[in-house]
Every structure is written in C-alpha cells, then in structure tokens.
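Peer 1: when you get a sec, could you give me coordinates for this:
(2 chains)
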Number of protein chains: 2
Amino acid sequence: MEVSTIQALGKITDANKIIITSHIRPDGDSLGSMLGLSHYLISLGKEVVLAIEDEVPKLFYFLPGIQTIVYAKEFIFDKNYDLLIVLDTNPDLSRIGETLASMQVPILNIDHHSSNNRTADFCLIDSQAAATGEIIFQLLILANAEITCEIAVCLYTAIVTDCGFFRYANTTPNTLQRASLLVERGARPNEISENLEKITLDDLTALRDVLSTLELSPDGRIASITLTTETLVKNISSTDLFINYIRSIAGVEIAIMYKITDHDMIRVSLRSHGADVNQVAQTFGGGGHQRAAGCSIHGNIDEVKKQILTAAAIQLEGKQQ
Amino acid sequence: MEVSTIQALGKITDANKIIITSHIRPDGDSLGSMLGLSHYLISLGKEVVLAIEDEVPKLFYFLPGIQTIVYAKEFIFDKNYDLLIVLDTNPDLSRIGETLASMQVPILNIDHHSSNNRTADFCLIDSQAAATGEIIFQLLILANAEITCEIAVCLYTAIVTDCGFFRYANTTPNTLQRASLLVERGARPNEISENLEKITLDDLTALRDVLSTLELSPDGRIASITLTTETLVKNISSTDLFINYIRSIAGVEIAIMYKITDHDMIRVSLRSHGADVNQVAQTFGGGGHQRAAGCSIHGNIDEVKKQILTAAAIQLEGKQQ
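Peer 2: Model prediction:
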C-alpha cells in the first residue's frame, strides 16, 4: 500500500530493529540515503543493520558511516527484525539480492523511480524527487531531526549523484533549497564533488581508448561508444563520465554506451536530453528514468548494437510526431 | 569609494543613460550579469548600451538579449552618459579595453574578485559571492525587481559558470538558495547546462590529443597539459573542460594548462583544490582566485614550463609548512 511521508515515519518510529538495504551496484544516492537515514535512526537508539548484497565501491569510502555497511550474503542476521527498509529500488530479488528479498519482515520501500512496482507492504514513492536522498531529507525534516554534518554529507552526496550536480532536468527549486540547507549544516560541495569525481590515470587512458570507439548515426542524433573487456579491466572510477561526455556532443539526442562483459553479456546504458530512453530499455527488459536508463542483453555485440539502434531510432521518430 | 548595495542601487536609479561592460574574453558570469542587470534597467525605461571590447563566444548565443551586446570598438557612443557599470573585473584598460577605459563617465564597479583594485568611483565588491551574478541578484531583490524568466536564465548562467555547477568551494548556502529562486522563476538547469557544456566532435579529438600531452610531477601533485597551436585552431568550445579534467586526477593538487599561441606567447591556466594558484599567477603578472588563476608569459614553452613548475612547487611547499 502507498503511504504518506508521515505514515512512513510512523512505521519507522514504531520499529526497533531495522534493516536498511538498497540495490546492487550501489551508487551515491542509494548509499547516501541509507547512511543519512541510519545516522538519524541510531540517534533515536534504534538497532540498525545496513546491508547490501554487493560490494561498496571505494569511491564512496568518504561517506560517514560507510564502514558499518555489511555484505548481506556473509552477515548473520537475527530472526526478529521489525522492518526492512528498501531504498532507491524495487524490493525485488534481482535488485536487492536473494538474502534480503527472502526475509520474512515487513517492507517499507522508499524510492523516487517512476517505474517502482509498488509491491512492498508500505510504499513511499515520490517521482518528483530528484533523488531518494530528497525523500529521506523530507522525512527527517518532518521528524524534526537534527541534520548533523554527517547526515548532511550523506544526503548531499545522494542528491548530487542523481541530479548530476544540479544539471539534469529533475533539478527543482526544492532540490536546490534542500541542498542549500545541507551546505548550511556542513556538507562541503567542493569536497563532495572532488571525492565523487576523482579520476585515476587509468580513467584517462580508458577515456582515450573509448573516444576512438565513437560511432555517430548518419543524422548525428545517436552517438555510441563501446567499452571492451580490455578497457573494463582497468581501474575505472565510473563509466558515467564517458557516456555523459558523449551525450554532450552538439546535436546528439541519445547517447549509448555498450559494455562488453566476460560472459557474452552486453550491458547497455542510455542517456538522453528528453527522448524517453526508459522505453528503449524496457523493450529489452531493463528500465530507469526518461533520460537515463539501462538494460543487459545476451548476445553478440554487433547484433545488440543493431537492435538497440533500431529501438532508439524508433523512439526518436515517435518523439517527432 | 566603496558603496553598499543600496548605495549602488541609488547610483543606478539616478542614472538614465547607462553603459554596461565587462572584461575581454567574456564568460558566463560577465555576460549573464550584464544581461541580467540590463533586462531590469530596460524595464525601468533606462537607455542602456551593452558593450564589450571583444567578441561574444557562440556558446552564449542562447542567453536572452545577447544580440544587443555591441562591439565597443566599432560602436558610435554618444557623449553624455550618466554611468558606466563595469562588471566582474577591474575597470582597467587591459581588462575592459581602450574605448571604455578612456570614457569620461562615472564608473560603478561591481565585482566578486578579491583581487579587485577598488579604483572605480563607486565600488560594490563582495568577495563572498561565488559570482558577480550573485551580487546582481541581491541588487535586484533589494530593488524589489520582478525576476523574469529572462533575468533568471541570465543570472543562473552567471552563477553556475563561476561556481562550476555548485562544485567549487565558493558555493555557499546563499548560492544554492539564489539558484533555487532562479529555477522557480523559469531558469531550466538542464537546458542551461546543455548549452554551456555542449561539445563538438573537434572537442573530442582535441581532448584525445591533449590527454597524450599529460605530464605529472614526480610526486604526482602537479599535472600539466599542453595545447599546441594545431589543437587550438580546432573548433574547441572551451578548454576549461581539459584543465578541470586534469585537476580531478587523484593526488593532483595543482593542474596547469599551457596554451601555445602564435606569437610565442604562452597562456598559462592554473587550477587547484586549495593551494593558492593566484599567488603563482601573480608572480608572472597574472591573477584570479585562490583555486583558479592565469597568466601570460612571453617565451619558449620549455622555459615557461620550468618557471611555472618551480613557482607551483614553492606554493605547495609553503602550504605544507
């Protein structure tokens, strides 16, 4: 069932033993939201377990409390939890992993993805929020929580991750207003951006390699790059950089990044300036947002490219009509 | 003399025929501030001339009113202006050009650079502001001006340019608060960022070229890149991208970009995470901010590199003590 922010707060307040999780391939929004919420819950004296069925990328080690996140598969959970809070994703096995998805605990799902399937016991979904971190912020303000410096750093990280440092279309007056308060409470914009945007020398050589794989559609509206297994074994901080760069080419409406993994599985990332790439991704069983989505396709790279390009071109034509 | 915001507003209100100018090599802050202010003054019925002694880069053609800016050297000015408003720079010949610097008109100088020389008749200098656009915003709020969509777009562009989309250390709660109001009044963060960060295919090949010129100091704290004349003749949108990229390398404290121009003049740009590169630039007659500065040096590239590297290393050592 859908719940209001105040109802969600009620569920959280009533619970004493709480697990907080989020999606595999954790990012700034999922981790920042988990930690921002947990700092508050711990201050209330709640017993909190932060668990993810994936590794935490080193990039996020600067987040206060990050060392308290446990690897779900190896952690020995008690039997009697009151609430499982799933952040920034559907509470599905494919997104939160087997360990957590199979728990017999009431689920409160807090998410900002419009594609959320609303299957949890309690759903607080706000697709107007640029990030799940914005919903957590609202929750804490409603709870009259003290926004400590630690919370501010976590939630600021969450917000800037999902609104591309206030450059994406999901950036609202509220997003900036909330960010303003978080900076007032101690989040340092430059330190957070330097941590999130730190690159390695491997990133530089990878970028050079990737730039030479650039392919443009004849009309210049679709640009794509390919990351080979050789590139992917490098110590790359984040491949988002590459696709965002390609998306910035004048005239390009859809940017595509193909990652060739070891198992003949092509991971496809899609970005746009307005064209609905979520629909393209959904055609192949993936999803995301209108301007940022992804999917994974089994098969040969040339075949996958053809399929994706066709779907992307159809999407652009539909938009024109 | 130094004036308060309200005194500056008084000077502007008293004047009827006003020239607004800013520095050569105009950027988002100088142009956005000029236009944001002029939209308001025109709404008051003032006669306004917007003049710069340089070309307006195509990148900024999206700014409302940009076509009203005239090239100072070719424009036929009247004799009887009431006020010359100089934005975002010292009112010096070397910064605003001969035509405007030689005018016999009272000067109101509005700037956020701490290095401002305060030689104008009236100086409204606020080095706490991330951008001159923030000072103009404050002025308009104090004047109870209606912040139209046009003004919002201009001032948002001004602000994001100089705080690196809210990623630099000069980003304050006020910066974000003001940006929030500008978005509420119609500035679209995604459209503005897409306009400012649009790149060309030439940018991509230039980036590839530039990445191969990367030099790291033995301790990894100073990184530099060199733009040759061959690279510079390409249609590059902004070389800021290159130096910001280099600044992001883990461990790098000072990033340097050398541009070799035709006349044996090396233009040096410096960026840091905290080291005072303004001092480095000042050693060679340049200037700027603590974290972003520049200078021009006559001479051979290898010689210039040695001088700059030495000065940068001294600056880093000084910081450590």
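
Peer 1: A:Ile110 falls within a strand, correct?
Peer 2: Yes - assigned with DSSP: H, G, I helix; E, B strand; the rest coil, A:Ile110 falls within a strand.

Peer 1: that one: how many residues sit nearby?
Peer 2: When neighbours are counted by other C-beta atoms under 10 Å in any protein chain shown, A:Ile110 registers 29. All C-beta atoms are positioned from the backbone trio N, CA, C, and that covers glycine.

Peer 1: could you find the closest non-adjacent residue to it?
Peer 2: Closest residue to A:Ile110 apart from its sequence neighbours, by C-beta to C-beta, 6 or more residues apart in numbering or on different chains: A:Leu124 at 4.7 Å.

Peer 1: what residues are up against that neighbour?
Peer 2: By C-beta atoms under 8 Å, 6 or more residues apart in numbering or on different chains, A:Leu124 lies in contact with A:Glu2, A:Val3, A:Ser4, A:Thr5, A:Gln7, A:Ala8, A:Leu108, A:Asn109, A:Ile110, A:Asp111, A:Ile135, A:Leu139.

Peer 1: A:Ile147 contacts A:Leu182, correct?
Peer 2: Yes - contact criterion C-beta atoms under 8 Å: A:Ile147 and A:Leu182 qualify, at 7.1 Å.

Peer 1: overlap in contacts, those two.
Peer 2: A:Leu155.

Peer 1: of these two, who's got more company?
Peer 2: Shown here are A:Ile147 and A:Leu182; by other C-beta under 10 Å, A:Leu182 has more neighbours (29 against 21).

Peer 1: how about the contacts made by the more buried one?
Peer 2: So A:Leu182 contacts A:Phe137, A:Ile147, A:Ala152, A:Leu155, A:Tyr156, A:Ile159 (C-beta under 8 Å, 6+ apart).

Peer 1: element containing it, please.
Peer 2: Secondary structure assignment for A:Leu182, by DSSP states H and E: helix A:173-184.

Peer 1: mind exporting that helix as CSV, just the C-alpha atoms?
Peer 2: Taking C-alpha atoms only, helix A:173-184 is exported to CSV below (Å, rounded to 0.1, in the frame of the first residue of the first chain):
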residue,chain,number,x,y,z
PRO,A,173,13.7,24.6,-6.7
ASN,A,174,13.2,22.1,-3.9
THR,A,175,16.3,20.2,-4.8
LEU,A,176,18.4,23.4,-4.6
GLN,A,177,16.7,24.6,-1.5
ARG,A,178,17.4,21.3,0.3
ALA,A,179,21.0,21.3,-0.9
SER,A,180,21.3,24.8,0.5
LEU,A,181,20.3,23.7,3.9
LEU,A,182,22.6,20.7,3.7
VAL,A,183,25.5,23.0,2.9
GLU,A,184,24.5,25.2,5.8
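
Peer 1: out of the contacts of A:Leu124, which is nearest to B:Ala131?
Peer 2: Nearest to B:Ala131 among those, counting by C-beta to C-beta, is A:Ile135 at 30.5 Å.

Peer 1: which residues touch that closest one?
Peer 2: Here A:Ile135 is in contact with A:Thr5, A:Ser33, A:Ile110, A:Asp111, A:His112, A:Leu124, A:Asp126, A:Ala129 (criterion: C-beta under 8 Å, 6+ apart).

Peer 1: turn these into CSV, columns for pLDDT.
Peer 2: Formatted as CSV, the contacts of A:Ile135 follow (pLDDT from 0 to 100):
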residue, pLDDT
A:Thr5, 97
A:Ser33, 98
A:Ile110, 98
A:Asp111, 98
A:His112, 97
A:Leu124, 98
A:Asp126, 97
A:Ala129, 97
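
Peer 1: quick one: which of the residues you listed is most hemmed in?
Peer 2: Result: A:Ser33 is most packed of those (other C-beta under 10 Å), 33 neighbours.

Peer 1: element containing that residue?
Peer 2: For A:Ser33, the host element (DSSP H and E) is helix A:28-43.

Peer 1: where's the next helix or strand after that helix relative to the chain centroid, distance-wise?
Peer 2: Once helix A:28-43 ends, the next helix or strand along the chain (criterion: DSSP H and E) is strand A:47-52. A distance of 19 Å separates the centroid of the chain from that of strand A:47-52, by C-alpha atoms, centre = their mean, to the nearest Å.

Peer 1: what does stretch A:197-213 give?
Peer 2: The answer for stretch A:197-213 is 22 Å, by C-alpha atoms, centre = their mean.

Peer 1: what residues sit buried inside that stretch?
Peer 2: For stretch A:197-213, the neighbour count (16 or more other C-beta atoms under 10 Å in any protein chain shown) marks A:197-201, A:203-211 as buried.

Peer 1: before we move on, what about stretch A:307-321?
Peer 2: A:Gln307, A:Ile308, A:Leu309, A:Ala311, A:Ala312, A:Ala313, A:Gln315, A:Leu316.

Peer 1: what do you get for stretch A:7-21?
Peer 2: A:Ala8, A:Leu9, A:Lys11, A:Ile12, A:Ala15, A:Ile18, A:Ile19, A:Ile20, A:Thr21.

Peer 1: that one: end-to-end distance?
Peer 2: 20 Å (C-alpha to C-alpha, to the nearest Å).

Peer 1: stretch A:118-129 now?
Peer 2: End to end - C-alpha to C-alpha - stretch A:118-129 spans 16 Å.

Peer 1: show me which residues of the stretch 1-150 of chain A sit near chain B.
Peer 2: For the stretch 1-150 of chain A, the contact set with chain B under C-beta under 8 Å from any C-beta of the partner chain is empty.

Peer 1: low-confidence ranges in the stretch 1-150 of chain A?
Peer 2: Across the stretch 1-150 of chain A, nothing is flagged by pLDDT under 70.

Peer 1: now the helices for it?
Peer 2: In chain order, the stretch 1-150 of chain A shows helices spanning A:5-14, A:28-43, A:93-96, A:98-101, A:132-142, A:149-162, with DSSP state H, counting those that start in this stretch as the criterion.

Peer 1: would you mark the buried spots in the last one?
Peer 2: Neighbour-count burial for helix A:149-162, with 16+ other C-beta under 10 Å as criterion, is recorded at A:150-162.

Peer 1: residues in contact with the residue of chain A most remote from its centre?
Peer 2: What lies farthest from the middle of chain A is A:Pro218; by C-alpha atoms, centre = their mean that is 32.1 Å. Neighbour list for A:Pro218: empty [criterion: C-beta under 8 Å, 6+ apart].

Peer 1: tell me the secondary structure at it.
Peer 2: Applying three-state DSSP: A:Pro218 is coil.

Peer 1: which of the buried residues of stretch A:307-321 fall within strands?
Peer 2: Among those, no member is found in strands (DSSP state E).

Peer 1: relative to chain B, which of those residues is nearest.
Peer 2: The closest of the buried residues of stretch A:307-321 to chain B turns out to be A:Leu316 (C-beta to the nearest C-beta; 16.7 Å).
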